[in-house]
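Enquirer: predicted structure and sequence below. I'll ask about it afterward.
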Amino acid sequence: MMTVRILCLLALFGIVFVGAAQKPRRHALIIGIDKYRPEDKQLAASGRGFGDLDGAVNDALAFQMLLKARYGFRTADMQILLNGEATAERILKELQAVLQRAKAGDQVIIYYAGHGSQVSNPLSPEPDKMDETIVPADAWRGNLDGKLYDIRDKEIARMVYPAAQAGVQVTVIFDSCHSGSVTRAAGGSVGKIRKAAPSGVVLEDASESPPLEAAGVLVLTAAQDFQPAQEYYDAKGNPHGAFTYALMQAMRESGRRESVRELFLRTRARLKALGLKQEPVLLGNEQRRRQPLIAPQATEGTDEESPILVTVAAKTDKGIVIEGGPVLGIYENTLLKPFGKQPLSLSAEPRLRVKQLLGGNRALCELEQGDARRIQIGDAWEAVSRTVPERSRLRLCLPLIARDAEQLAKEAADFSRRAALYNIQFSESSQAPFAVLYRNQTWQLQDAAGNVLAQEAALDRLTLEGAAGSAVYWLLPLPQTAAEKLQKDVNQHVIRFADEQTADYVLGGFYHNGELRYGWLRQAAGADTSPMPKTSALIGLQEANFNKTLGDYLVQLARIKNLLTIENPPEDHPFPYRLVLVNAQTGQIHRSDTLRTGQTFGLRLQLDTVAAASWSGRRSWVYVFVLDSEGNTSLLYPRSGNVENFLPAADEHPESIALGSERLLRITPPFGADTYITLLTHEPLPDPFLLQQKGVQTRAAEHPLSDLLLGSSETRSASLTGSWQIRRQVFVSMGQ
């Protein structure tokens, strides 16, 4: 894989596409190498020792045909290098040429199938001090003349980056080992591994790769840097790279506007269905992952929310086993449907319902509808309906008043005009010195201590003399007719109604410029420092999506509550590393739970010597994300997908492990309580970017199926295997 280093979290979301004066063109450089050993036996014996492959040329030719037949690539715009043509010099020359031909708005596909390897680089910023490489056809010469013929990922990145910055949409696909940081084995049956022994050359290069993702480059690779990339013989006995075989199957079945993310998950599912353990890698910023792999015309994204996808792992006499569980928000009673398939008829479309959790990322399903014979191992399924665990259900208070919306709006307008005569400014902060609230079917004017200064059944009779010249927190109940409709429309599986004293959230309204606007408010003591969002965004009562938006916010809030309350399976061999924040200015571990504006931090895993004494030595996939005070979850590590986050590195037990840039975080407003969450799993998440979700401080409605770690019943964590753990740390950010 091409190792991508991210220096700034915010840079991940930038991507530039410059409009071209002419219709965008598509270009491709396709490389396939099977023959690595020279014909001369003496040269072969003295050269660098690795063997030939079987399926790389097949892959290159098949990929070229697919681009032509399905996506309309012109032969004149595709350069293909096979076997002896693919020397180091020729590959670099053709790569430079295709990038120079491409104009802003054009698409460039770079595909490589062959051996991958590594070269020693003592100055490399990577922990293993190795640079990943692709292996050209003449790499065997390296042992004869002491030169490096391999092409390093850094070289490719430095050539690609300027073109991407200039507006060329570049996609790089590697089917080789070490492609998860750039090699390969073989329906049918498994065959060779696309992996060459490291070159004996030692380089000294301290530079890092340019931030390809920030420029919009997309990278798809066959395996992690520590895994083999297999070759696979299909049912007809034809050899392929297993990754390419799965990818091309998925591409043939995909819609023209299917996102890269969806295509990747279906490719991964097909790869797993072959019985191989290699974990493919997707690198790309959020916008690029939402676009098609090859755009039909212009490069355009989609605003659709990403569904939660799982894959079929096995079919047993007890039911269907899926690769998905609590770490992806899948719990008992989650309902699933096939993803991306058109049913023969509505009644015939299969439905699965989760009946038992088998671990953190595995569950047993029963067939609720349809024909089990249509279900294949490796198929992707989409979650379509669910509830939440009991612990995550929100306690809600819905204050209402016996008025219709028009009557309440008229009363509010009259009251607002009268308040102006007393020089009263209305505030949305409950910390204002006075409040006007509707309690026990009466309007009350209260002071900051909660003392009732005046009360009346009618708003127009409430006296305001005591609050003259002050800010007043004025909270409106919901008209009864609107409340009754909301109660029917809201997802009853995510909430319970409660009184104001025990509720998590109260629905409160505000009057603004002739409009009644409502949102969910956390009124409990300590709301300012609670990890739960203090308020959702406000939505106008007359807006067409009023009920849906408020209902979607509830699902988001329930997701957040679940993140803060989810129970872990028991730890038989606890992972001995703990997340710490490191001050970028001092290099010291931050010991306080308070973060000040302007401070900059990096993330680090620090060894816990006590836990290390009983550690089994088992590595974990590590994910770190933050739940901020507005309910957003942001993935902090890994920022490049499942890459170099299987920790610690093999046979190493360092005292600390840096997670990304040492200046990853900068503390800025808005301030509040942020929860840093470390997720440890024994199996990688199929799509770690789902850990990044919007909160409730937005006017846009959220799609409830995009929420993560949100359940459909109690987790029964005691019965789960210890294949995952969640750890939480709360920090309160504030000004100087």
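Expert: Now that the structure is in, tell me what you want to look at.

Enquirer: how about the nearest residue to residue 104, chain neighbours excluded?
Expert: Of all residues not flanking residue 104 in the chain, residue 167 sits nearest, at 3.2 Å (CB to CB, 6 or more residues apart in numbering). Yep, even glycine has a C-beta here, placed from its N, CA and C like the rest.

Enquirer: can you classify the one you found by secondary structure?
Expert: At residue 167 the chain is in coil, as set by DSSP: H, G, I helix; E, B strand; the rest coil.

Enquirer: for residue 615, see how far away it is.
Expert: 49 Å (CB to CB, to the nearest Å).

Enquirer: cool, residue 73 as well?
Expert: Between residue 73 and residue 615 the computed distance is 51 Å (CB to CB).

Enquirer: more neighbours: these two, which one.
Expert: Neighbour count, other CB atoms under 10 Å: between residue 73 and residue 615, residue 73 has more, with 22 against 15.

Enquirer: quick check: closest non-adjacent residue to the more buried one.
Expert: Nearest to residue 73 is residue 67, by CB to CB, 6+ apart, at 4.1 Å.

Enquirer: what do you get for residue 265?
Expert: Nearest residue to residue 265, sequence neighbours excluded (CB to CB, 6+ apart): residue 309, at 4.9 Å.

Enquirer: who's in contact with the one you found?
Expert: 262, 265, 339, 380-383, 686-687 (CB atoms under 8 Å, 6 or more residues apart in numbering).

Enquirer: beta partners for it?
Expert: Here residue 309 sits in beta bridges with residue 382, as judged by DSSP bridges.

Enquirer: that one and residue 686: what is the separation?
Expert: Residue 309 sits 7 Å away from residue 686, going by CB to CB.

Enquirer: do residue 646 as well
Expert: Distance from residue 646 to residue 686, counting by CB to CB: 15 Å.

Enquirer: so these two - more neighbours on which side?
Expert: The residue with more neighbours, out of residue 646 and residue 686, is residue 686; 25 against 22, by other CB under 10 Å.

Enquirer: quick check: that one touching residue 323?
Expert: Yes: here residue 686 reaches residue 323: they are 7.0 Å apart, a contact under CB atoms under 8 Å.

Enquirer: could you name every residue contacting both of the two?
Expert: 310-311.

Enquirer: measure how far stretch 224-234 is from the centre of its chain, please.
Expert: 25 Å (CA atoms, centre = their mean, to the nearest Å).

Enquirer: what is the end-to-end distance of that stretch?
Expert: Stretch 224-234 has its terminal residues 23 Å apart, counting by CA to CA, to the nearest Å.

Enquirer: for that stretch, what is the average pLDDT?
Expert: Averaging pLDDT along stretch 224-234 gives 80.

Enquirer: what does stretch 670-687 give?
Expert: For stretch 670-687, mean pLDDT is 84.

Enquirer: distance from that stretch to the middle of the chain?
Expert: From the chain centre to the centre of stretch 670-687 is a distance of 11 Å (CA atoms, centre = their mean).

Enquirer: can I get it as CSV, trimmed to CA atoms?
Expert: Taking Å, rounded to 0.1, in the frame of the first residue of the first chain, the C-alpha atoms of stretch 670-687 are listed here in CSV:
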residue,chain,number,x,y,z
PRO,A,670,-17.1,25.9,21.3
PHE,A,671,-16.0,24.7,24.7
GLY,A,672,-17.5,21.9,26.8
ALA,A,673,-17.1,18.3,27.8
ASP,A,674,-15.5,16.1,25.1
THR,A,675,-15.3,12.3,25.5
TYR,A,676,-12.2,10.6,24.0
ILE,A,677,-13.2,7.0,23.2
THR,A,678,-10.7,4.2,22.5
LEU,A,679,-12.2,1.1,20.7
LEU,A,680,-10.1,-2.1,20.8
THR,A,681,-11.1,-5.0,18.7
HIS,A,682,-9.7,-8.4,17.7
GLU,A,683,-11.2,-8.0,14.2
PRO,A,684,-10.9,-4.9,12.1
LEU,A,685,-13.9,-2.8,11.5
PRO,A,686,-15.1,-3.1,7.9
ASP,A,687,-15.5,0.7,7.6
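
Enquirer: buried ones in that stretch?
Expert: Buried residues in stretch 670-687, counting neighbours by 16 or more other CB atoms under 10 Å, are found at 671-687.

Enquirer: that older thread, now the residue nearest to residue 265: how far from residue 323?
Expert: As judged by CB to CB, residue 309 and residue 323 stand 10 Å apart.

Enquirer: joint contacts of those two?
Expert: Overlap of the contact sets of residue 309 and residue 323 (by CB under 8 Å, 6+ apart) consists of residue 686.

Enquirer: hang on, residue 266 packs against residue 251?
Expert: No: the criterion here is CB under 8 Å, and residue 266 misses it with residue 251 at 9.3 Å.

Enquirer: please enumerate the helices of the protein.
Expert: Under the criterion DSSP state H, the chain contains helices at 41-46, 56-71, 88-101, 142-145, 153-165, 242-253, 260-273, 286-290, 405-421, 480-489, 546-565, 609-612.

Enquirer: weakest of those by average pLDDT?
Expert: Lowest mean pLDDT within the helices of the chain: helix 41-46, a mean of 61.

Enquirer: show me what contacts the residue lying closest to residue 485 once chain neighbours are set aside?
Expert: Leaving aside its sequence neighbours, residue 485 sits nearest to residue 547 (CB to CB, 6+ apart; 6.5 Å). Contacts for residue 547 (CB under 8 Å, 6+ apart) come out as 485-486, 489-490.

Enquirer: just put the residues you listed in TSV and tack on neighbour count and distance to residue 375.
Expert: Listed next are the contacts of residue 547 as TSV, based on neighbours: other CB atoms under 10 Å; distance: CB to CB, whole Å:
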residue	neighbour count	distance to residue 375
485	14	39
486	18	38
489	13	33
490	20	33
